[in-house]
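Colleague: Build me a model from this:
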Amino acid sequence: MNKIITGLCAAAMLLGCTNGKNGQTTDLNTLSSPDGKLEMSFCLAEDGTPKYTLDYEGKPVILSSGMGFELRGVLKAQKIDYNADGTITKSDWKPCESLHDGFIVESVERSSFDQTWSPVWGEEDSIRNNYNEMLVNLVQSSTDRKLAIRFRLFNDGLGFRYEFPSQKNLNYFVIKEELSQFALAADHTAWWVPGDYDTQEYNYTQCRLSEISKHFKDALTGNDSQTPFSINGVQTSLQMRTDDGLYINIHEAALVNYPCMHLDLNPSTLTFTSHLTPDAQGWKGRMQTPCKTPWRTVQVAPSATAQLASRMILNLNEPCALEDVSWIHPVKYVGVWWEMISGKGSWNYTDDFSSVKLGETDYSKSTPNGRHSANNANVRRYIDFAAEHGFDEVLVEGWNEGWEDWANCNKDYVFDFVTPYPDFDIKALNDYAHSKGVKLLMHHETSGSARNYERHMEQAYQLMNKYGYDAVKSGYVGDILPLGEHHYSQWLVNHYLYAVTEAAKHHVMVNAHEAVRPTGLCRTYPNLVGNESARGTEYQAFGGTIPSHVTVLPFTRLNGGPMDFTPGIFVMDLASATGGRNTSWVNATIANQLGLYVTMYSPLQMAADYPEHYEQFMDAFQFIKDVDVDWLRSEYLLAEPGDYIVIARQGKKNGQWFVGGVTDENARTMSIPMSFLESGKTYEATIYADAPDAHYRNNPQAYTISKKTVTSSDSLEMFMAPGGGFGISFIEK
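Modeller: This next block holds a predicted model:
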């Protein structure tokens with residue numbers, strides 16, 4: 001007993017908690033993971049501030065870290081101020097209030113949970129959800145306000161959220177700051193993108209935590225809409241590695257009716273504090289009890305591959321909310337997209353108009369520019385290609401009126417989402433696609449005008465139902481309207497989910513680009529089949545992306561859900577592809593692009609290049625045709641963020657295995673174990689690999705295709721060129 005008391009007192013001192021009589025700790029509570037390797041402690045500091053710690057196998061992961069909020073004193077500014085210069089303003093008549101100290105523990109509740117569930121689609125066909133839970137019910141003595149903190153400890157990490165019960169003294173309230181802390185135990189290596197209220201479309205930077213501010217300016221590259229907030233600010237999911245090989249990831253789960261969380265580092269203490277995206281007035285959450293925050297998550301893994309296998313973010317989301325999911329399905333698609341992104345074609349129909357007013361501008365009197373890609377003949381060409389090679393759908397961007405002045409104009413009524421250009425026959429093209437066993441994939445670019453999208457959303461979805469569309473790619477390029485809101489503020493978070501839930505009523509799947517990064521909501525709403533929300537392939541046409549980027553994304557952006565990364569570029573010299581209009585270079589080899597279909601998970605996978613480019617390399621294109629997009633099982637074979645990833649997956653379609661690998665700017669030869677294959681069986685492996693002289697900069701189209709007989713006891717020695725990779729398909733003999 002004395003040893004137990006001594007241990008509790010030591011934990012209390014680390015937390016900065018108060019002690020009771022005879023040295024015994026009051027209000028100290030501990031929670032262990034089901035396997036006993038993770039342990040968290042909770043208590044109240046002397047001033048009543050909630051504190052927690054997290055250890056892995058006795059080693060500190062999170063040191064004593066504070067929790068709570070600072071609230072606005074009133075709901076809105078009502079005090080009339082007559083200023084010395086004669087102007088009149090309004091201000092709050094009451095100062096901000098603390099909801100982060102002065103607490104006492106009212107009660108503690110404990111429970112355990114162990115259940116296996118099946119996702120509609122995913123990286124495996126079943127997921128175990130196993131955790132121990134502790135709910136700490138607090139009351140603030142001076143205000144009689146109640147706050148509960150729910151902790152869930154899994155074998156792969158910790159999740160906690162704040163819950164505000166219905167109560168007399170806290171009904172409607174406004175958050176000034178959330179004060180969740182994550183005090184790191186050492187100066188870890190981190191892979192991060194700049195904290196920004198409007199975009200995650202950056203290359204990842206690798207450095208020590210203490211060096212983030214030094215590298216921030218170089219990490220911040222241009223974007224149509226960006227709002228950085230601190231040179232010590234980063235976005236989640238944030239991947240870190242300790243010097244002794246532990247992998248720590250901070251993120252959030254189940255982001256609903258709340259602003260997106262960033263992290264702001266105090267470099268002197270190596271402590272991150274939550275930093276919420278503000279609204280147009282600068283406040284960070286407008287709440288009504290009963291309510292709850294998203295989960296704040298700290299994943300802890302003994303290896304990089306174990307981090308990739310973690311499903312904690314999904315497990316912290318609610319089960320599927322849709323009664324009927326029979327209409328939701330994986331999609332492999334091509335599209336009228338890369339030729340506009342690369343500069344070969346255009347979204348706009350004409351160059352005659354510098355200003356468009358929908359319903360007034362008469363396109364019948366305009367001169368076609370001859371480069372409009374979404375025209376009847378070109379779309380039919382893509383449909384024919386999709387039908388011939390077994391693709392499900394064809395994305396068509398630039399089909400609707402308004403693209404002449406769509407971007408960066410802060411234009412409210414920018415699109416109506418229903419009126420096609422004169423050279424796009426929406427009925428005839430859909431009929432033609434259906435006759436070929438293919439569907440068109442709708443595109444709704446909002447140009448950031450979310451208010452306008454909501455104004456037209458119902459009729460836009462009705463149009464989709466009328467013509468047989470079952471999926472939409474939405475976009476939010478540019479600053480947000482209503483003006484002052486951000487891509488990641490509470491209003492927009494609610495808008496994105498509204499678009500998904502309204503789409504579900506019409507049996508429409510959603511692939512949202514430029515929206516808030518995923519937090520596992522695809523479990524609850526599986527018609528959310530894709531997001532961009534990071535620097536995707538399009539940036540290869542905007543000057544290029546560093547090769548290591550694709551070795552980091554599965555640890556960070558994909559931690560919360562799949563990404564529509566749009567891989568499959570085979571012609572890297574865009575000057576040759578666009579007649580000199582674009583001089584960018586795609587920093588990858590063909591074999592690298594093949595590997596991405598396995599390493600970058602998404603149930604919605606695009607073959608992004610022009611059909612005529614694939615026709616030059618039909619032997620390599622075969623891998624894209626064959627590879628599955630929905631999986632029974634995934635095995636994470638080799639990985640190191642920023643360096644390389646090798647993953648094996650077994651397809652749902654017929655149980656076929658595929659392996660994909662990608663590397664950074666360094667060449668590698670790696671031994672790939674075949675242990676995932678069924679023992680006692682023999683397989684023919686078709687290997688798509690970089691040629692010995694391949695290089696992403698000067699020889700990206702050099703690849704080899706070979707066949708080899710393998711069993712589960714074998715290993716394959718795979719060469720990856722700089723910026724390279726490989727893909728392997730297996731057939732049982």
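
Colleague: Now do the same contact list for Leu596.
Modeller: Residues in contact with Leu596 (CB atoms under 8 Å, 6 or more residues apart in numbering) are Val550, Phe565, Pro567, Gly568, Gly660, Val662, Gly725. Quick note: C-beta positions are derived from backbone N, CA and C, even for glycine.

Colleague: at 10 Å instead, please
Modeller: Leu596 sits next to 537, 550, 553, 565-569, 588, 602, 605, 645, 660-662, 725, 727 when contact means CB atoms under 10 Å, 6 or more residues apart in numbering.

Colleague: Keep only those of the residues you listed that are in helices.
Modeller: Members of these lying in helices (criterion: DSSP state H): Val550.

Colleague: Can you list which of the contacts of Leu596 are found in strands?
Modeller: Among the contacts of Leu596, the members found in strands (DSSP state E) are Gln605, Ile645, Gly660, Gly661, Val662, Gly725, Gly727.

Colleague: the helices in the stretch 301-450 of the chain, which residues?
Modeller: Secondary structure of the stretch 301-450 of the chain, counting by DSSP state H, counting those that start in this stretch: helices at 304-309, 312-315, 338-341, 376-389, 426-435, 450-467.

Colleague: Select, out of those helices, the one closest to Ile175.
Modeller: Ile175 sits nearest to helix 450-467 of all the helices of the stretch 301-450 of the chain, at 21.4 Å, using CB to CB.

Colleague: which other helices and strands contact the closest one?
Modeller: helix 426-435, strand 439-445, strand 471-475, helix 490-505 (3 or more CB pairs under 10 Å, 6 or more residues apart in numbering; DSSP states H and E).

Colleague: Out of the ones you listed, flag the one nearest Gly484.
Modeller: helix 490-505 (9.7 Å).

Colleague: That closest one packs against which elements?
Modeller: Using 3+ CB pairs under 10 Å, 6+ apart: helix 490-505 touches strand 286-288, helix 450-467, strand 471-475, strand 509-513, strand 528-531.

Colleague: looking at the helices and strands packed on helix 450-467, which is closest to Cys409?
Modeller: strand 439-445 (13.0 Å).

Colleague: Let me know the average pLDDT across the closest one.
Modeller: In this model, strand 439-445 has a mean pLDDT of 98.

Colleague: so how far is Gly520 from His251?
Modeller: To Gly520, His251 is 9 Å away according to CB to CB, to the nearest Å.

Colleague: make that Val710, sorry
Modeller: For Val710, the distance to Gly520 equals 35 Å [CB to CB].

Colleague: higher neighbour count, those two?
Modeller: In this view Val710 and Gly520 are compared by other CB atoms under 10 Å, and Gly520 has more residues nearby, 25 against 19.

Colleague: Which of the helices or strands spans that one?
Modeller: In the assignment (DSSP states H and E), Gly520 maps to no helix and no strand.

Colleague: was I right about it contacting Ser310?
Modeller: No. Assessed by CB atoms under 10 Å, Gly520 is found out of contact with Ser310, at 11.2 Å.

Colleague: intersection of neighbour lists for the two?
Modeller: Applying CB under 10 Å, 6+ apart, one finds that Gly520 and Ser310 are jointly contacted by Thr297, Asn559.

Colleague: The stretch of helix or strand Phe730 belongs to pairs with which strands, parallel or anti?
Modeller: If you go by DSSP H and E, Phe730 is part of strand 725-732. Strand pairing for strand 725-732, using DSSP bridges, gives strand 657-663 (antiparallel), strand 683-690 (antiparallel).

Colleague: Show me what counts as buried in that strand.
Modeller: Gly725, Phe726, Gly727, Ile728, Ser729, Phe730 (16 or more other CB atoms under 10 Å).

Colleague: Strands of the stretch 51-200 of the chain, start to end?
Modeller: Taking DSSP state E, counting those that start in this stretch, the strands of the stretch 51-200 of the chain run over residues 59-66, 69-71, 79-82, 88-91, 97-99, 103-117, 127-140, 145-154, 157-164, 172-178, 181-184, 189-192.

Colleague: And the ones you listed: which comes nearest Ser225?
Modeller: The nearest among the strands of the stretch 51-200 of the chain, by CB to CB, is strand 189-192 at 19.8 Å.

Colleague: Who does the closest one pair with, and is each partner parallel or antiparallel?
Modeller: Going by DSSP bridges, the partners of strand 189-192 are strand 205-208 (antiparallel), strand 238-241 (antiparallel).

Colleague: got the buried residues for the first one?
Modeller: The neighbour-count check on strand 205-208 (16+ other CB under 10 Å) flags Thr205, Gln206, Arg208 as buried.

Colleague: same check, this time on stretch 562-580
Modeller: 562-572, 574, 577-578.

Colleague: how about the strands paired with strand 189-192, which one is nearest Gly58?
Modeller: Among these, strand 238-241 comes nearest to Gly58, with 19.0 Å by CB to CB.

Colleague: and for the closest one, what are the contacting residues?
Modeller: So strand 238-241 is contacted by 61, 182, 184, 186, 188-193, 204, 206, 208-209, 246-251, 262-263, 265, 272, 299, 301, 304, 307, 552, 554-556, 559, 640-642 (CB under 10 Å, 6+ apart).
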